[in-house]
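**Q** I'll drop the sequence and a predicted model, then ask my questions.
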Amino acid sequence: MKKRLIVGLGNIGEKYQNTRHNIGFKIVDKIANTKEVPFSAVNFGQMAKISHKGRETLLLKPNTFMNLSGKAVLFWLKKEKIELEHLLIIVDDIYLPFGTFRLREKGSNAGHNGLKSVEEALQSNAYNRLRFGVGNDDFKATDQVDFVLGNWNKTEETLLENKLKDSAELVLYFIFNGLANTMNNFNNK
């Protein structure tokens, strides 16, 4: 059975812990908590190993900061001999309304520095990515960085736990059922 690698992108440190940009970390944390598996320090980050319906899966939170995430992704793909079709990168997306998901097999990095780094490391944009909408109602084009590195507003905080649960369910479904089935069941919901 082939291993899967699920990478939640974010920035390390308490300063960034509850920021919109760290939604990738929050989602893999939720999956690990659901499976009652702790994270441990590994090369290039923190990792939890889970099994879901017989599928061995590595959950990774890179410690390279967002802009260098590709180094961690490439290292673990090679080390564990994981094929690109079994990789899923989880990131924030300011172009999607808060709490919506978009799962894709390939595509543009849309200016996201974490995805840019992954593309550079893999020399490809043909990898699975889950974009979690963080909205963009509260910022002007000039303060995008402050927005994504800012904390959730009170309304978002209230809804976030259910959205994390839904995200974890989507990722677990992907692990067992693959991309096409997951897209059919979860996109546009």
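**A** Structure received. Not measured: the values here are computed from a predicted model.
**Q** For this protein, give me the ranges with low pLDDT.
**A** Scanning the chain for pLDDT under 70 picks out 1, 137-142, 187-189.
**Q** And the strands in it?
**A** Taking DSSP state E as the test, the strands found in the chain are 4-8, 40-42, 45-52, 55-62, 87-93, 101-104, 128-133.
**Q** List of residues touching the second one?
**A** Strand 40-42 is contacted from outside by 46-48, 60, using C-beta atoms under 8 Å, 6 or more residues apart in numbering. Just so you know, the C-beta spots here come from the backbone N, C-alpha and C atoms, and that holds for glycine as well.
**Q** do the fifth one as well
**A** With contacts defined as C-beta under 8 Å, 6+ apart, strand 87-93 is touched by 4-9, 20-24, 27-28, 73, 77, 102, 110, 112, 114-115, 118, 127-134, 148, 167, 171, 174.
**Q** quick revisit: looking at the contacts of strand 40-42, state which has the most neighbours.
**A** Per-residue neighbour counts (other C-beta atoms under 10 Å) across the contacts of strand 40-42 peak at Leu60, which has 25 neighbours.
**Q** can you pull up the bridge partners for the closest residue to that residue other than its chain neighbours?
**A** Distances taken as C-beta to C-beta, 6 or more residues apart in numbering put Val7 closest to Leu60, at 4.7 Å, once the chain neighbours are dropped. Beta-bridge pairing of Val7 under DSSP bridges involves Leu60, Ile89.
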